[in-house]
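Novice: Curious how this folds, go ahead:
(4 chains)
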2 protein chains.
Amino acid sequence: MLGQLMPVTIKEIAEIAGVCHSTVSRALHGNEMINAGTRAKIKRLADEMGYVPSAVALSLRSQKTLTVGIVVTSINDPFFGRIVEGIENVARAANYSTFLSTSGFGEVGEREVVQSFYRRRVDAIIISSLWGDLTLGEEFERIKIPIVLINNQTEGKYLHSVAVDDVRGGEVATRHLLELGHRRISYLETKNRWKSNRLRREGYEKAHRAASVPLDPKLVIPPLADDDVSRGEKALEQLLEAKATAVFCYNDMTAIGLMNACRAARVRVPQDISIVGYDDVELTNHVTPALTTMHQPRRQLGQQAMEMTLALLAGEDSVPDQVLDSRLVVRASTASPA
Amino acid sequence: MLGQLMPVTIKEIAEIAGVCHSTVSRALHGNEMINAGTRAKIKRLADEMGYVPSAVALSLRSQKTLTVGIVVTSINDPFFGRIVEGIENVARAANYSTFLSTSGFGEVGEREVVQSFYRRRVDAIIISSLWGDLTLGEEFERIKIPIVLINNQTEGKYLHSVAVDDVRGGEVATRHLLELGHRRISYLETKNRWKSNRLRREGYEKAHRAASVPLDPKLVIPPLADDDVSRGEKALEQLLEAKATAVFCYNDMTAIGLMNACRAARVRVPQDISIVGYDDVELTNHVTPALTTMHQPRRQLGQQAMEMTLALLAGEDSVPDQVLDSRLVVRASTASPA
DNA sequence: TTGTATGCGTTATCAT
DNA sequence: ATGATAACGCATACAA
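Specialist: Residues are numbered from 1 along each chain as shown, chains lettered A, B, ... in the order given. Down below sits the predicted model:
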């Protein structure tokens, strides 16, 4: 049906113009000394014929593709949407294109994706999805291109990263509850992002120590489900048993699940229990009551990651890891205990 | 093992193996008659050296890049997330990679993106973002590759498309309200997607005619803001003036904006006013009351689009446009009028 | 069975 | 000022 009519090449332009293809190349590039007449003629011709240079050929020759691969666990997750947006904006402004790929949660998916990016000869890779301290290390060892991790979950030091200070985040969130007067504050853990989970819990503990409020292990609720929302929904019972008056949740979706459970059980938020989330997903503004949460600068996370990538690509010697700050957004889901 | 700066090429393997590079190529491809010994040796060598073929070189030679470009207005919009996910899954299974790019809402962004994809020599383009009946037509005219539109907003017939039946969707949503006993039902319009807006309104009118309920032009509320949510928030006053007892909103985000306004004004949903959204974004399940809405099979939309693309790429003669059905999801935001 | 040569589209280094 | 030629990495038609 669609006759794959081939794109115009400089060779074809050259033929019609009655010159050599290298002349066309020069004319189009402009920066050579070339007869003004032929240059004009060739430019006009190229325009008429709808010439668009082949990035493929350019890539082969220059050994640079001007592409970066992005891997996220799920493109649907509202958390990643803004990150990708941030990356894409900076990338586009720098004439880079982005390959997007999802890895799911398994390590296998990640290897596959990285492998595929390597075949494509992307100039760099930005990853916002590491599942654990996987063996992807070897993979990276061989692939000598810049790799930037966003909120990375590994300890490897050979990689560049931009992240939010999770310890501080957990600390600020918890302090907010302490300052409201809460003394029995729960932390609701997650399953699949063990590092940031640990850091936020560290912050949670740190805040308690700073306020000289004793920690009760019973108040740390381990993950009861895979899915973020269900995890929150299933936690209510344990929270009540532990007599918590406030909860700091690993992320917003878990907090929202918990809120659902509270509504169903006629537990009032924030009168009976205060809830703090993490991420500040759009959603948090639209639930009832609006959720108090730690705002993560997600768009900026993506932008910084891409800017670091560009710096690395430009061969800059020292591209320091970035640590961004999250900030508390107080809404309606937290209050002083009864 | 030995990580070198540049990726390994068949030439390098050939040198070490003491054979010609074409022999390596054949050995790696397997389907040629070749000495079993040398094949094994070469394969082992390639493995040891960490050889990964260059997709760039392959593309140049084969004139196929095994890539498709995706353009959406915003990657952050929950509506597009699932669509992209659907595309990506099918694409990856078929060994295609996806370039992702956002166009914003202007036509300029779209041209730019399509242009960039063309330079990259993508094999096809999937667009889920057309702003109007833009002049992108010429652009497509020249680019002789398959283009698949998702929920397209243009009338061009030279393009392929997969869409949800908006007329029927509007009709079903409205009928639901009519069946609940409502007689003054508003339609809340949108701004930047005039075609589907028109179609949903058509469905809205059709349902009224089918039920012999007179239409009141005052009940159709034109867009009062650019942003989806604000549009909903600003509409309440006019709704009350028009004495509407129910509202069919162009999409979920607008419906949620309206719900916010209702809460602020102490207008009870659904007791005082029933609200129906459109899209069934995740969010709708988590607002209070949970939103009744038209479910769009977004993931399937993406999958179908990519499958159509693959069919077109495979040279299939007739690849019919797809029209998917949306279905009503009744939740808590609708009830019979007082 | 394997080596040689060619071309994909482009830029760059030679010549002329 | 411009033409000829090589090179980027790979697959393949043709020769041996």
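
Novice: shaky segments in the stretch 151-300 of chain A?
Specialist: For the stretch 151-300 of chain A, the stretches with pLDDT under 70 are A:155-158.

Novice: mind running it again at 80?
Specialist: A:153-159, A:192 (pLDDT under 80).

Novice: who in it is up against chain B?
Specialist: A:229, A:256, A:260, A:263, A:282-283, A:286-288 (Cβ under 8 Å from any Cβ of the partner chain). Bear in mind the C-beta positions are built from the backbone N, C-alpha and C, glycine included.

Novice: Out of these, grab the one that's most surrounded.
Specialist: When neighbours are counted as other Cβ atoms under 10 Å in any protein chain shown, the busiest of those turns out to be residue A:256, with 27 neighbours.

Novice: which element is that residue on?
Specialist: According to DSSP states H and E, residue A:256 maps onto helix A:252-264.

Novice: Direction included, what does the next helix or strand after that helix pair up with?
Specialist: The first helix or strand that comes after helix A:252-264 along the chain, using DSSP H and E, is strand A:274-279. Each strand that pairs with strand A:274-279, with its direction, by DSSP bridges: strand A:246-249 (parallel), strand A:292-295 (parallel).

Novice: Identify, out of these, the most deeply packed stretch.
Specialist: When you average the neighbours per residue for each of these (mean count of other Cβ atoms under 10 Å in any protein chain shown), strand A:246-249 leads with a mean of 30.

Novice: how far does it sit from the chain's center?
Specialist: Its chain's average C-alpha position is 24 Å from that of strand A:246-249, according to Cα atoms, centre = their mean, to the nearest Å.

Novice: Not counting that strand itself, show me its contacts.
Specialist: For strand A:246-249, the surrounding residues in contact (Cβ atoms under 8 Å, 6 or more residues apart in numbering or on different chains) are A:170, A:173-174, A:177, A:180, A:182, A:184-188, A:200, A:204, A:232, A:235, A:239, A:255, A:258, A:273-278, A:334, A:337.

Novice: Residue A:220 touches residue A:190, doesn't it?
Specialist: No - with contact defined as Cβ atoms under 8 Å, residue A:220 does not count as touching residue A:190 (11.9 Å).

Novice: how much space between the residue sitting furthest away from the middle of chain A and DNA strand C?
Specialist: For chain A, the C-alpha lying farthest from the average C-alpha position belongs to residue A:18; by Cα atoms, centre = their mean, that distance is 51.5 Å. When distances are taken as Cβ to the nearest atom of the strand, to the nearest Å, residue A:18 and DNA strand C turn out to be 17 Å apart.

Novice: before we move on, what about residue A:116?
Specialist: The separation that residue A:116 has from DNA strand C, given Cβ to the nearest atom of the strand, amounts to 21 Å.

Novice: Give the full set of residues in contact with the residue nearest to that residue when sequence neighbours are not counted.
Specialist: Using Cβ to Cβ, 6 or more residues apart in numbering or on different chains and skipping the chain neighbours, the partner closest in space to residue A:116 is residue B:97 (6.5 Å). Under the criterion of Cβ under 8 Å, 6+ apart, the neighbours of residue B:97 are A:99, A:101, A:116, A:120, B:66-68, B:91.

Novice: Now distance to residue A:328 and secondary structure too, for those, in JSON lines please.
Specialist: JSON lines is the format used below for these (distance: Cβ to Cβ, whole Å; DSSP: H, G, I helix; E, B strand; the rest coil):
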{"residue": "A:99", "distance to residue A:328": "36", "secondary structure": "strand"}
{"residue": "A:101", "distance to residue A:328": "34", "secondary structure": "strand"}
{"residue": "A:116", "distance to residue A:328": "40", "secondary structure": "helix"}
{"residue": "A:120", "distance to residue A:328": "41", "secondary structure": "helix"}
{"residue": "B:66", "distance to residue A:328": "46", "secondary structure": "coil"}
{"residue": "B:67", "distance to residue A:328": "43", "secondary structure": "strand"}
{"residue": "B:68", "distance to residue A:328": "42", "secondary structure": "strand"}
{"residue": "B:91", "distance to residue A:328": "40", "secondary structure": "helix"}
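
Novice: which residues pair with the residue in the stretch 151-300 of chain A positioned nearest to DNA strand C across the strands?
Specialist: With Cβ to the nearest atom of the strand, the shortest gap between the stretch 151-300 of chain A and DNA strand C falls at residue A:160, namely 28.7 Å. The residues paired with residue A:160 through beta bridges, assigned by DSSP bridges, are residue A:148.
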